[in-house]
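Chemist: 3D model of this:
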Amino acid sequence: MKSQKKTQPVVVGLDLAGSPKRPSGFCWLKGRDAETQELYSDEEILETISPIKPALIAIDAPLTLPRGRHCLEDDCYCAGGNHFRECDLELRRMKIRVFPLTLGPMRMLTKRGMALASKFNKMGYKTIETYPGAAQDIWKIPRQKDPKGLKKGLRQFKLNGALGKRGLSVHEMDAICCALVAQLHLQKKSLALGDPTEGLMILPKP
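Modeler: Take a look at the predicted model:
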């Protein structure tokens, strides 16, 4: 009997921008084959991901609110509640800087991330939250402020396609990191920070 090669699941990494006017990095990853691009509107993101039917989508954006908060509006009674989730506090204990979800730009990103994740889930796609900066720290490779160093560091994963692309943006490289985390999570090689009842952040195991 001929041995059948196990089909590699397709995962997606999304380095989401807070505003649709700014580019979001997108990465499609299957085994070691990776393709990237920049996307803008929610509609463009949904239309790009839909035909791929990924096994998992890893998003660089907060996908849950701190315990005790049900929104991020200043005039709501919950506004005086927590600014950080347990997963955020765990990152801080790891000496990895993270901004409060209630901060202006983070607030916009959180709202967009939660809305997109809800749409993905309704479409039948599983989503996880990740943070490429933290993943890069764990892998001991440069962050996006050093694009050449980050691209060089990503070569250790021996990916085909994306890393040979000319003009690869930092958003696309962060999306690659998100996709790699999604792949590791499916392989049960990931670390989950936080309280499951509040929201988890998925990262590579050190």
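Chemist: contact partners of the longest helix along the chain?
Modeler: Among the elements of type helix in the chain, defined by DSSP state H, the one spanning the most residues is helix 104-122. Residues from elsewhere that reach helix 104-122, judged by CB atoms under 8 Å, 6 or more residues apart in numbering: 14, 16-20, 42, 45-46, 49, 57, 59, 61-65, 72, 99-101, 126-127, 129. In this view, the C-beta of every residue, glycine as well, is placed from N, C-alpha and C.
Chemist: quick one: which of those residues sit in helices?
Modeler: Those of those lying in helices (DSSP H): 42, 45-46, 49.
Chemist: would you list those residues in JSON lines and tack on pLDDT, distance to N121 and neighbour count?
Modeler: Rendered in JSON lines, the data for the ones in helices among the contacts of helix 104-122 read as follows (pLDDT from 0 to 100; distance: CB to CB, whole Å; neighbours: other CB atoms under 10 Å):
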{"residue": "D42", "pLDDT": "97", "distance to N121": "14", "neighbour count": "15"}
{"residue": "I45", "pLDDT": "98", "distance to N121": "14", "neighbour count": "22"}
{"residue": "L46", "pLDDT": "97", "distance to N121": "12", "neighbour count": "14"}
{"residue": "I49", "pLDDT": "95", "distance to N121": "12", "neighbour count": "21"}
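Chemist: And the furthest pair within those?
Modeler: D42 and I49 (10.8 Å; CB to CB).
Chemist: next SSE after the helix or strand of the chain with the lowest mean pLDDT?
Modeler: The helix or strand of the chain with the poorest confidence is strand 160-161; it has a mean of 92 (mean pLDDT, DSSP states H and E). Counting by DSSP states H and E, the next helix or strand C-terminal to strand 160-161 is helix 170-186.
Chemist: Please name every helix or strand in contact with that following helix.
Modeler: If contacts are counted by 3 or more CB pairs under 8 Å, 6 or more residues apart in numbering; DSSP states H and E, helix 170-186 sits against strand 10-15, strand 24-30, strand 33-39, strand 56-59, strand 127-129, helix 132-139, helix 147-154, strand 199-204.
Chemist: any chance of these in TSV, with distance to A192 too?
Modeler: Converted to TSV, the helices and strands packed on helix 170-186 look like this (distance: least, CB to CB, whole Å):
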stretch	distance to A192
strand 10-15	17
strand 24-30	20
strand 33-39	24
strand 56-59	13
strand 127-129	9
helix 132-139	13
helix 147-154	23
strand 199-204	5
